[in-house]
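Chemist: give the three-dimensional model of this entry:
(chains A and B)
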Amino acid sequence: MIEIQDLVYQYEKNSPDYIFDKLSFKLEKGSFTTLVGPIGSGKSTLIKILLGLIKVDSYIKIDDLVLCSNNMKQIRMEIGVVFENPEDVFVAETVMDEIAFALENQNKSKKEIWRKVDEIADCVGIKSLLECDPHTLSEGEKILVSLASALVADPQILILDEALSMLDEISKRKILGILKECNEKGVTILNITHDLNESLYGKDIVLLQSGKVLLQGRKEEILKQESKLKRAGLELPFLADLSIRLMYYGVLDHMILDMDEMVNAIWK
Amino acid sequence: MEIKYDSVYYSKKENTPLEKLILEDVNLEVKEGKINGIIGKCGSGKTTFLELMNALLLPTLGSIQIGDYLMEKNCKIKNVNNLRVELGYVFGNPKRQFFLPTVKEEIAFGMKQFSYKLDKIDSRISDALKMVGLDDSYLERDPMKLSNGEMRKVAIASVLAFNPNVLIFDEPTLGLDSISEKSFLKMLKLLKNKYHKTIIIVTHDVNMIHKIADYLFVFHEGKKVLEGTKYEVFESELLEQYEVVRPTIMEFSYQVLKRKGIKLGYRDDVNDLIKDIYRHVS
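Modeler: Okay, the predicted model is just below:
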């Protein structure tokens, strides 16, 4: 669970420009939320605040812990993050060591570490890469390694910061599929992106604009708000766009976001 | 300018135990004055294909003809810089390219390296900015403080200042929101129609490329496996095998044909598609 109440933040003190001016929202435990917003809406700043990399005075609660310096260590153990440029955070010379890194810092036994690394590599589908140097991998593989490194520490919450934007469609779908599985096992997922197509794999959407929550709710409801999303520079996913138009012409009576379901609903 | 690949092979780390074949028997001719899309999943050889074009790499086997330049194994290319001026290469991430305080200096930098005359530089900068749809008010601005879309335009202007015949883009729309993407695609059309540039775009974003490309080449595991108009390519049954997805709008028509036997036609515009659907439903 992530709860933010009246978050106020500005880059420079006493400046009239606020990045966040009383931002509030709550993501339930076990939710899968896609946070979208135009460039400059404060998405990346928000992550830094959640990880305690930027200090704020506002009330933020992560699961049962209030965000403050005393709880920071524990909070960071609960959150796994995958960034857009994973190679900036790679520290080891092999994929295996890279994934193990987080566990080595938790005083786990060697045997347990390798069992866990093996299990995660299998789940993410990178077992064949374990001996490779992470810097030599393709962009998609780097993201998978970064995802495995985040998942190996069993986080309660997984945050992705534009992590999929560099990937081709097939790698993207594969990773979104893995995220969906993690979510089904109870991990809370927050995917930050400017591509609304990624929201189709999640459950909820939050639209952030100029530091405020403009829309929040189930994806089927939010994707109906065509004009607000377009004004934020976001393109509707094709199936949402098609649904809205077919609803207008009376061919459909509700939004359908699955290709099979759409074809079967039009030609019963 | 002719760009033709004739049975091109390229191996990385040749004659070592780590030798790896990256491109295999590539035969193709880029369409002049058109927008050429090169698609394929990560690791299919797209970027190596571009590096060969720019003579950053030379083929292990076969040859590449670019205008008057012929590139073969171990050949010495005279005036390779002129070749690189003819082929304007726009890098994917402009943030990693900028290092000067103003847009004007940034665009001028390349030309200064080639000892262009100073008065010539100023007019070329203005012309180049105009071609990408920016006016002179941008000249004194800090390139790092522009929006992503504007940054890309400045990066393109710094290449256009050399007046290249061919413009090459590697993943040009990564990280752009849909408004900036639309404006970028509009600019590409202008460069093609008004300035008659040949444009080559390497991308994995099929939803973008189908809106703009006149002709497509599909790469898979180092081979060019398909080519044709977007309709020919995206209608192909072989795409799954080559791990390329269709643009969602075309995937829809493909699925309708496969599951229901109804031929909707391949549309790029959702309004046209709606008319087709309506006709078949009512």
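
Chemist: near chain B, which residues of chain A show up?
Modeler: Neighbours of chain B within chain A, by CB under 8 Å from any CB of the partner chain: A:38-40, A:138-140, A:162, A:165-171, A:194, A:197, A:233-235, A:237-239, A:241-242, A:245-246, A:249, A:251, A:259-260, A:262-263, A:266-267. (C-beta placed from N, C-alpha, C; glycine too.)

Chemist: put the buried members of these into a PyMOL selection.
Modeler: PyMOL command restricting those to the buried ones, with burial defined by 16 or more other CB atoms under 10 Å in any protein chain shown:
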select buried, chain A and resi 38+39+139+140+162+165+166+167+168+169+171+194+197+233+234+235+237+238+239+241+242+245+246+251+259+262+263+266
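
Chemist: which residue packs closest to the closest residue to chain A within the stretch 1-150 of chain B, ignoring adjacent ones?
Modeler: Nearest residue of the stretch 1-150 of chain B to chain A (CB to the nearest CB) works out as B:Cys42 at 4.5 Å. Setting aside the residues directly before and after it, B:Cys42 is nearest to A:Ser138 in space (CB to CB, 6 or more residues apart in numbering or on different chains), at 4.5 Å.

Chemist: coming back round to it: show me what contacts the residue of the stretch 1-150 of chain B closest to chain A?
Modeler: Contact analysis of B:Cys42 by CB atoms under 8 Å, 6 or more residues apart in numbering or on different chains lists A:Ser138, A:Glu139, A:Gly140, A:Leu167, A:Asp168, A:Ser171, B:His204.

Chemist: mind doing that once more with 6 Å?
Modeler: Contacts were defined as CB atoms under 6 Å, 6 or more residues apart in numbering or on different chains; by that measure B:Cys42 touches A:Ser138, A:Glu139, A:Gly140, A:Asp168.

Chemist: the third one belongs to a helix, doesn't it?
Modeler: What it means is A:Gly140. Yes: counting by DSSP: H, G, I helix; E, B strand; the rest coil, A:Gly140 is found in a helix.

Chemist: tell me the pLDDT of it.
Modeler: According to the prediction, A:Gly140 has pLDDT 79.

Chemist: that one reaches A:Met166, doesn't it?
Modeler: No: shown here, A:Gly140 and A:Met166 do not form a contact pair, counting by CB atoms under 6 Å, at 8.2 Å.

Chemist: how is the chain partitioned into domains?
Modeler: By default, I'm working from chain A. A:2-236, A:237-268 (automatic domain parsing).

Chemist: sorry, should have said chain B
Modeler: Per the record, chain B has its domains at B:3-98+B:159-236, B:247-282, by automatic domain parsing.

Chemist: pick the most buried one from those.
Modeler: When neighbours are counted by mean count of other CB atoms under 10 Å in any protein chain shown, the highest per-stretch mean among the domains of chain B falls to domain B:3-98+B:159-236, a mean of 18.

Chemist: shaky segments in the stretch 151-268 of chain A?
Modeler: Along the stretch 151-268 of chain A, no part satisfies pLDDT under 70.

Chemist: the strands in the stretch 51-200 of chain A, which residues?
Modeler: Taking DSSP state E, counting those that start in this stretch as the criterion, the stretch 51-200 of chain A carries its strands at A:59-62, A:65-66, A:79-82, A:157-161, A:188-193.

Chemist: quick one: contacts of the fourth one?
Modeler: Pointing back at strand A:157-161 there. Outside of strand A:157-161, the residues that reach it under the criterion CB under 6 Å, 6+ apart are A:47, A:78-84, A:187-192.

Chemist: minimum distance to chain B, which residue of the stretch 1-150 of chain A gives it?
Modeler: Checked against chain B (CB to the nearest CB), the nearest residue in the stretch 1-150 of chain A is A:Ser138, 4.5 Å away.

Chemist: go ahead and confirm that residue touches B:Ser44.
Modeler: No: taking contacts as CB under 6 Å, A:Ser138 lies outside contact range of B:Ser44: 10.1 Å.

Chemist: now the helices for the chain?
Modeler: I went with chain A, as the question did not name one. Under the criterion DSSP state H, chain A contains helices at A:43-50, A:72-78, A:95-104, A:110-124, A:139-151, A:169-184, A:219-222, A:226-231, A:238-248, A:259-266.

Chemist: please refer instead to chain B.
Modeler: In order along the chain, chain B carries the following helices (DSSP H): B:46-53, B:80-86, B:103-113, B:118-131, B:148-160, B:178-193, B:206-209, B:230-235, B:248-260, B:270-281.

Chemist: kindly reformat the ones you listed as JSON lines containing mean pLDDT.
Modeler: As requested, those are arranged in JSON lines below (pLDDT from 0 to 100):
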{"stretch": "helix B:46-53", "mean pLDDT": "91"}
{"stretch": "helix B:80-86", "mean pLDDT": "87"}
{"stretch": "helix B:103-113", "mean pLDDT": "90"}
{"stretch": "helix B:118-131", "mean pLDDT": "89"}
{"stretch": "helix B:148-160", "mean pLDDT": "87"}
{"stretch": "helix B:178-193", "mean pLDDT": "89"}
{"stretch": "helix B:206-209", "mean pLDDT": "92"}
{"stretch": "helix B:230-235", "mean pLDDT": "91"}
{"stretch": "helix B:248-260", "mean pLDDT": "90"}
{"stretch": "helix B:270-281", "mean pLDDT": "87"}
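
Chemist: would a markdown table of those with distance to chain A be doable?
Modeler: Output for the helices of chain B, formatted as a markdown table (distance: least, CB to the nearest CB, whole Å):
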| stretch | distance to chain A |
| --- | --- |
| helix B:46-53 | 10 |
| helix B:80-86 | 25 |
| helix B:103-113 | 19 |
| helix B:118-131 | 22 |
| helix B:148-160 | 6 |
| helix B:178-193 | 4 |
| helix B:206-209 | 7 |
| helix B:230-235 | 13 |
| helix B:248-260 | 4 |
| helix B:270-281 | 5 |
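
Chemist: how long is stretch A:63-82 end to end?
Modeler: Using CA to CA, to the nearest Å, the span of stretch A:63-82 from its first residue to its last is 19 Å.

Chemist: and for that stretch, what are the contacting residues?
Modeler: By CB under 6 Å, 6+ apart, the list of residues contacting stretch A:63-82 from outside reads A:1, A:52, A:60, A:62, A:146-147, A:150, A:155-160, A:163.

Chemist: and stretch B:106-119, by the same measure?
Modeler: Contacts made with stretch B:106-119 from outside it, assessed by CB under 6 Å, 6+ apart, are listed as B:Phe98, B:Leu100, B:Ile121, B:Ile125, B:Pro143, B:Ala157, B:Ser158, B:Ala161.

Chemist: show me what contacts the fifth one?
Modeler: Spelled out, that is B:Pro143. By CB under 6 Å, 6+ apart, the neighbours of B:Pro143 are B:Phe98, B:Val103, B:Glu106, B:Val154.

Chemist: tell me which two of these sit farthest apart.
Modeler: Taking CB to CB, the two most distant members of those are B:Phe98 and B:Val103; they sit 9.1 Å apart.
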